[in-house]
Each structure stands twice: as C-alpha cells, then as structure tokens.
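# only geometry, no sequence info:
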C-alpha cells in the first residue's frame, strides 16, 4: 500500500489484515507513505493471525491513528501512531472526494521523497496534481506548499528547510543573510550556486573603511567570518597641509577618523625682523577676518613702517 488514505468502519476501520484457513495462509501488508484513518472508535489497523502468518510492516513513513494486533506481527520504524488531522471528504479535485491534510498535520512533508518520484506515484497525487520535487506529503492529497532549496523566498516559513538566506531557500543557516560575513547562499550574494552555502572569495570586501584612518577588510576565502576590524598605523598621513600655517594631521592608530584639524596656529617671527608678536590665522571655514580686526592690523603695520622709516632718516643725518 503506497501513498494511500483508507477510511472504513467496524473491525479494522481502515484495514483488516487476516490470515485464516488451511494450508498455512500468509497475509502481509506493507505500508509506504500512507495514512490509515477511519471513522468511529474501531482500530484503524487490525492485524489478525488465526492460522498461518499475518504481518504488517511499514518500510516508509506512514500514519496509523490507532491499531490492534492479534497473534500477528506489526513492525517498521516508519509506523507513526498519531492523528493525521485530515479534513472531511470533499471535492479537492480529481475523480473522487478526498480528505486533505489540514494546517499543522504531521502528514505534510513527511513522505519518503524517492517513493514520491518513482513509479507508480511518478510525482503526482491521487488527483493528478504534482507533488513537490524536494518534499512531499503522506496520503492521497499533496498539500506541501513550502519551497525547495535554491528557490526565491522572503521568509523562512516559505522553505522546506526552514531557512531563507540571501533571498533563497538554503540547506543551512549560512550566516543568516549577514552582509558582514564571508559566506553566502545565493549567486546574487556571491555564492557559487543558489541554495548551497559557500565561502566568499578573497576579493570580496566584508567591511568597508569607515574613515581616513580605517582599513577595509576582505574575506580570506578560508573563513566564514570577516577578519577583525583594524586601523591604519599611527603616524600615517591622513590630512595633508594646505599652507605653511596648516600642519598636516596623522592617524593615531586607535580610531577610524583622522585627528582633528588644527587651526589658530601662530605665525613665527621671520629672519631679520618681522612681527613683534605672533598673529593668529583666521580659523578654517570662518571666512575673512572681521573689519575691526583687519583695520587694527593695518594701522599696526603702518605704524611699524613709519618707525622703521624714521630710524633710517636719523641714521642718514649722522656724520662719522
């Protein structure tokens, strides 16, 4: 019995497997991807050995809601005694009424995939509707709607694997779509194939530089984690000088940003004279000096020029 759903009544509400009579009769029932679910309180499976041999074996996953064995043998790791949670008989398409698994049914997606694809099932259910190529359900009606690996997805619940990574159903968690690691599960994100987690190549930047003194990190091709964040070495130039009054700034090796731009640097005294006291540069970005400051500086320069001119005149009038 393969990919079937039986519902009956009385003794063996779905199946009554009986060995009885002379000549050592043999009654054997093999369950594969099937559901035995009957009405009332009678056991869904009744295996009864009067004479001969009565055997039931589940060689593939199958649900039997309730069972009774009298004298025979019931075995198989595929036999599951649970409520399949089927809906009422109704027109679900096809030639006959069927009972479809409801939401949360243990029958959904529980079938042996190889049996779903090979003859006589050949990838279709009792109604002639296709079964999922990667995951199929027990019984006569295919209700598995989750997507196979490598198909596009938006949420994990859409996937048979329960994992939606980098926009596709993935066989493994693969970093959970973290853009800062060195693994991906979709070709669009850098993987070699959709649905299969793979390491990103060494040319892939996994952490961009965050400032003039930060260093961008790239994948190693050997580790799914991005290398540790590092900064440029102390002393590396990060802002060049723009004039003789603007010193260059260097990285300090401790942070991503360049050191603060220095302003208000005093002008040094020139050789052979110059300003008696230093004057400050106009702070960067503030524009020209105020009119009052400019006027004061102009008067001071004129006075200095007059004093120097007076000293030259006095020296010229002396005799030696």
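Sure thing, it's come through. The model shown is predicted, which means the values in this text are computed figures rather than measured ones.
# residue 46 falls within a helix, correct?
No - the assignment for residue 46, made by DSSP: H, G, I helix; E, B strand; the rest coil, is strand rather than a helix.
# how close does it sit to residue 86?
20 Å (C-beta to C-beta, to the nearest Å). Every residue, glycine included, has its C-beta placed from N, CA and C.
# same thing with residue 144?
Counting by C-beta to C-beta - residue 144 and residue 86 are separated by 15 Å.
# same check on residue 236?
71 Å.
# more neighbours: which of those two?
residue 86 (22 against 15; other C-beta atoms under 10 Å).
# partner residues bridging residue 68?
Beta bridges link residue 68 to residue 46, judged by DSSP bridges.
# that one and residue 41 touch, don't they?
No - taking C-beta atoms under 8 Å as the definition, residue 68 is not a contact partner of residue 41, at 11.5 Å.
# more neighbours, these two?
Taking neighbours as other C-beta under 10 Å, residue 68 and residue 41 compare with residue 68 leading, 15 against 7.
# for that one, report the pLDDT, please.
pLDDT for residue 68: 93.
# equivalent analysis for residue 13, please.
80.
# how about residue 172?
For residue 172, the predicted pLDDT is 94.
# do the one 3 residues further on as well
Looking at residue 175, its pLDDT stands at 92.
# and it, which of the three is it?
Classification of residue 175 by three-state DSSP places it in helix.
# also the one 4 residues further on?
For residue 179, the reduced secondary structure class is coil; criterion used: three-state DSSP.
# and it, how many neighbours does it have?
11.
# low-confidence ranges in the protein?
By pLDDT under 70, the low-scoring segments of the chain are 1-12, 263-320.
# show me the helices in it, by range?
113-117, 291-317 (DSSP state H).
# next one: the shortest one to chain centre, how far?
Shown here is helix 113-117, whose average C-alpha point lies 29 Å from the average C-alpha point of the whole chain (C-alpha atoms, centre = their mean, to the nearest Å).
# what's it in contact with?
Helix 113-117 is contacted by residues 2-3, 32-33, 60, 121, 123, 131-136 when judged by C-beta atoms under 8 Å, 6 or more residues apart in numbering.
# can I have the buried ones of those residues as a ChimeraX selection?
Of the contacts of helix 113-117, the buried ones can be selected in ChimeraX as follows, counting by 16 or more other C-beta atoms under 10 Å:
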select :2,3,32,33,60,121,131,132,134,135,136
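# from the contacts of helix 113-117, which is closest to residue 256?
residue 134 (45.5 Å; C-beta to C-beta).
# ok, now which ones touch the nearest residue to that closest one once chain neighbours are set aside?
In space, and not counting its chain neighbours, residue 134 is closest to residue 148: 3.5 Å by C-beta to C-beta, 6 or more residues apart in numbering. Under the criterion of C-beta under 8 Å, 6+ apart, the neighbours of residue 148 are 132-135, 160, 169.
# just flag the most distant two among the residues you listed.
133 and 169 (12.7 Å).
# burial of the residue nearest to residue 183 when sequence neighbours are not counted, as a residue count?
Excluding the flanking residues, the one nearest residue 183 by C-beta to C-beta, 6+ apart is residue 224, at 4.2 Å. Using other C-beta under 10 Å, residue 224 has 17 neighbouring residues.
# residue 224 is in contact with residue 199, isn't it?
Yes - counting by C-beta under 8 Å, residue 224 does reach residue 199; the two are 6.1 Å apart.
# what residues are shared contacts of these two?
182-183.
# how close does residue 114 sit to residue 94?
From residue 114 across to residue 94, the span is 24 Å (C-beta to C-beta).
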